[in-house]
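**Student:** No sequence on hand, only this structure:
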């Protein structure tokens, strides 16, 4: 699994499912005077490994001061993303706040 992650100048790490939602998420962050640190989308088929890999990339950026996980699942299953997030917190030392929104396919199971 390989991600191409354009780095930006901001401090809010973004992990989103789908390029369109990623662009809207970046606009939303900017609307509230924030700046995104990256453009990383984990859309399509989901699995917990994608989330672990995404967080390792995001958190490797020393400028990241928080992470926003924004999932509006269709094909991407929220429960797979949630399992990946649980694994991230078990396996990695997270020193920044993480905000997660999981809406869509298997949302109830994700909770």
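**Tutor:** Yep, that arrived. Predicted model only: the values in this text are computed from it and were never measured. Numbers count the residues shown, from 1 in each chain.
**Student:** which stretch of helix or strand covers the residue positioned nearest the centre of the chain?
**Tutor:** Nearest to the geometric centre of the chain sits residue 15, at 1.9 Å (C-alpha atoms, centre = their mean). Using DSSP states H and E, residue 15 maps to strand 12-16.
**Student:** Please apply the same query to residue 101.
**Tutor:** In the assignment (DSSP H and E), residue 101 maps to strand 98-104.
**Student:** How far off centre is the helix or strand following the strand holding residue 15?
**Tutor:** Next helix or strand after strand 12-16 toward the C-terminus (DSSP H and E): helix 19-31. Centre-to-centre, helix 19-31 and its host chain are 12 Å apart (C-alpha atoms, centre = their mean, to the nearest Å).
**Student:** nearest spatial neighbour of residue 64, skipping sequence neighbours?
**Tutor:** residue 13 (4.2 Å; C-beta to C-beta, 6 or more residues apart in numbering). Placement of C-beta: from N, CA and C, glycine included.
**Student:** So what's the residue count around that neighbour?
**Tutor:** 27 (other C-beta atoms under 10 Å).
**Student:** Cool, thanks, talk later.
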